[in-house]
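Colleague: Just the structure for this:
(chains A, B, C and D)
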Number of protein chains: 2
Amino acid sequence: MRRNPERRQALIDAAIEVLAREGARGLTFRAVDAEAAVPPGTASNYFTTRDDLFTQVGGRIYERLLPDEATIARSREGMQDQTRYAELMHELVDRVSAFNSGYLALLELRLESTRRPELRAVLTKRIREDIDANIGHHAASGLPGDTTSVVLLYLALNWLIVERLTLPDIFTEQEIHELVDAAVQRSLNA
Amino acid sequence: MRRNPERRQALIDAAIEVLAREGARGLTFRAVDAEAAVPPGTASNYFTTRDDLFTQVGGRIYERLLPDEATIARSREGMQDQTRYAELMHELVDRVSAFNSGYLALLELRLESTRRPELRAVLTKRIREDIDANIGHHAASGLPGDTTSVVLLYLALNWLIVERLTLPDIFTEQEIHELVDAAVQRSLNA
DNA sequence: AACGTAGTACTACAGATGGAGTGGTGTCAA
DNA sequence: TTGACACCACTCCATCTGTAGTACTACGTT
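Modeller: Residues are numbered from 1 along each chain as shown, chains lettered A, B, ... in the order given. Presented below is the predicted three-dimensional model:
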């Protein structure tokens, strides 16, 4: 088992791309080697089993989908009203959609987690933490709405992103924009 | 190319189970043969290529997820108010969740459609039709809400089902129930 | 400065699996 | 008798895993 952390991370990031492009079943040691442009057999040295590889990717993927510190700091600026809320949600949708392969990889992981209990445990923990962080962040922000509105937005925007990434012709960009606005507005009305 | 329609349908239904259980990459002719309990090589005789198999599954899967006539008829009964709307949405979520493998297979197909243009075209058409049917049905029903509320409900409930089926420990059954109610209630408030 | 050692990169191979595609044979019904 | 289909068998091919073994590099020791 090799320990070089940069290389390990490079392999995991390569695995994310493979997941998005080839699907869960296509995530093999060899495919990761090829994607990371390292000699065949390298991934075998860094992960004990495929299960291990999946689990480590599951631990990493969420870090890369979350906003960085600068983005979080920026989100606290300005009037914290509904207009600002909508603005932030547009940013969120665009940021996540932009890391196309990351979101698709996460979907693949979700589906794979129905077959891998370890992976399911990792993902459940990460996502539960993310939802709670969103709720906490919202509560501290002064933005309108309650816990329920945060969760409803989480639900609607996630599927909107799925729709955009998997079947882009279902909604136009214009419609997506309007749906984000509508989701913000209506989720706030208790 | 064989034409026996019962057998073809049995093969496609078997393919749905394989998709849900093994993922898109696991959908092979041989796996379909095994699932349908027919001799190896049979699926090869019924589908020209794997692409063809995917496309035919994409055409069929949606039929099986939609409510049957009796359910649709029943949905028109009673007072068409918000309470009734929530009731119908609970039924919808439960019905779709119950056909577990069907919904998971559809997710696999969505992901696979990022790699298969033909499949994407089929799914886009089907899903667009379904959304439009929902909108039309809603408009004719006398239920409260507008087009936007129908679409927002579609978004939120879809992801709720994803959450329930892929990571069942994120939300409790109780929370899911409440979220459906909240989604109905808030989506109606323009 | 020479040497030794540890950790890692890289290469190569053995063994195994599983699937695609196809041709052929048997069976049944019109 | 003929045609469609079920069933079976075989070959070719692509890939993957696991691991053993070699080469390289950095670093500490004397």
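
Colleague: only C-alpha atoms for contact and neighbour calcs from this point on.
Modeller: OK.

Colleague: and the residue in chain A that DNA strand C sits nearest to, what does it touch?
Modeller: Minimum separation of chain A from DNA strand C (C-alpha to the nearest atom of the strand) falls at A:R3, amounting to 3.7 Å. A:R3 sits next to A:Y46 when contact means C-alpha atoms under 8 Å, 6 or more residues apart in numbering or on different chains.

Colleague: orientation of the host helix or strand of A:E163 relative to helix B:147-166 in degrees?
Modeller: Per DSSP states H and E, A:E163 falls inside helix A:147-166. Counting by axes from the mean of the first three to the mean of the last three C-alpha atoms, to 10 degrees, helix A:147-166 lies at 90 degrees to helix B:147-166.

Colleague: for the spatially most central residue of chain A, what are its contacts?
Modeller: In chain A, the centroid-proximal residue (C-alpha atoms, centre = their mean) is A:L65; its distance is 4.2 Å. Taking C-alpha under 8 Å, 6+ apart, we find A:L65 in contact with A:96, A:99, A:102-103.

Colleague: ok, and the most crowded of these?
Modeller: When neighbours are counted by other C-alpha atoms under 10 Å in any protein chain shown, A:Y103 leads the contacts of A:L65 with 23 neighbours.

Colleague: Show me what the helix or strand harbouring it is in contact with.
Modeller: Assigned by DSSP H and E, A:Y103 belongs to helix A:100-112. Residues outside helix A:100-112 that contact it (C-alpha under 8 Å, 6+ apart): A:16-17, A:19-21, A:23-24, A:54, A:58, A:61, A:64-65, A:96-97, A:119-120, A:123, A:165, B:23, B:104, B:108, B:111, B:166-167.

Colleague: Likewise for stretch A:9-18?
Modeller: By C-alpha under 8 Å, 6+ apart, the list of residues contacting stretch A:9-18 from outside reads A:26-27, A:31-33, A:35-36, A:43, A:53, A:56-57, A:60-61, A:101-102, A:105.

Colleague: at 7 Å instead, please
Modeller: Stretch A:9-18 has contacts (C-alpha atoms under 7 Å, 6 or more residues apart in numbering or on different chains) with A:27, A:31-32, A:35-36, A:57, A:101-102, A:105.

Colleague: likewise stretch A:117-127?
Modeller: Residues outside stretch A:117-127 that contact it (C-alpha under 7 Å, 6+ apart) are A:54-55, A:58-59, A:113, B:167, B:169-170.

Colleague: For the contacts of stretch A:9-18, give me TSV that also has distance to DNA strand D.
Modeller: Putting these into TSV (distance: C-alpha to the nearest atom of the strand, whole Å) gives the following:
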residue	distance to DNA strand D
A:L27	7
A:A31	5
A:V32	9
A:E35	11
A:A36	14
A:V57	15
A:S101	19
A:G102	21
A:A105	17
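
Colleague: who wins for most neighbours among those?
Modeller: Greatest neighbour count in those, by other C-alpha under 10 Å, goes to A:V32: 28 neighbours.

Colleague: Read off the pLDDT value for it.
Modeller: For A:V32, the model assigns a pLDDT of 96.

Colleague: try A:R126
Modeller: For A:R126, pLDDT reads 97.

Colleague: Could you check how many residues crowd around it?
Modeller: The tally of other residues near A:R126 (other C-alpha under 10 Å) stands at 18.

Colleague: next one: A:T49
Modeller: 14.

Colleague: Can you list phi and psi of it for me?
Modeller: Main-chain torsions, A:T49, degrees, to the nearest 10: phi -140, psi 170.

Colleague: where's it relative to A:T28, distance?
Modeller: In this view, A:T49 and A:T28 are 10 Å apart by C-alpha to C-alpha, to the nearest Å.

Colleague: hmm, back to that, mind listing which of the contacts of helix A:100-112 are in helices?
Modeller: Among the contacts of helix A:100-112, the members found in helices (DSSP state H) are A:16-17, A:19-21, A:54, A:58, A:61, A:64-65, A:96-97, A:119-120, A:123, A:165, B:104, B:108, B:111, B:166.

Colleague: So how do I select the buried members of those residues in PyMOL?
Modeller: Buried residues within the ones in helices among the contacts of helix A:100-112, by 16 or more other C-alpha atoms under 10 Å in any protein chain shown, are selected in PyMOL with:
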select buried, (chain A and resi 16+17+19+20+21+54+58+61+65+96+97+119+120+123+165) or (chain B and resi 104+108+111+166)
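
Colleague: Can you mark which positions in stretch A:54-74 are buried?
Modeller: Across stretch A:54-74, burial judged by 16+ other C-alpha under 10 Å covers A:54-62, A:65.

Colleague: of those, closest to chain B?
Modeller: Nearest to chain B, judged by C-alpha to the nearest C-alpha, of the buried residues of stretch A:54-74 is A:G58 at 13.0 Å.

Colleague: can you tell me which residues contact the closest one?
Modeller: Residues near A:G58 by C-alpha under 7 Å, 6+ apart: A:119, A:122-123.

Colleague: Just confirm A:I170 contacts B:R128, I think it does.
Modeller: Yes - the pair A:I170 / B:R128 is scored as a contact, 6.0 Å apart, by C-alpha atoms under 7 Å.

Colleague: about what we covered before: now the buried residues of stretch A:54-74 in CSV, with pLDDT and distance to A:V184?
Modeller: Converted to CSV, the buried residues of stretch A:54-74 look like this (pLDDT from 0 to 100; distance: C-alpha to C-alpha, whole Å):
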residue, pLDDT, distance to A:V184
A:F54, 97, 34
A:T55, 96, 34
A:Q56, 95, 34
A:V57, 96, 32
A:G58, 96, 29
A:G59, 94, 30
A:R60, 94, 29
A:I61, 95, 26
A:Y62, 90, 24
A:L65, 94, 21
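
Colleague: can you put the residues you listed in TSV and add distance to A:G142?
Modeller: What follows is the buried residues of stretch A:54-74, written out as TSV (distance: C-alpha to C-alpha, whole Å):
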residue	distance to A:G142
A:F54	38
A:T55	36
A:Q56	36
A:V57	34
A:G58	32
A:G59	31
A:R60	30
A:I61	29
A:Y62	26
A:L65	24
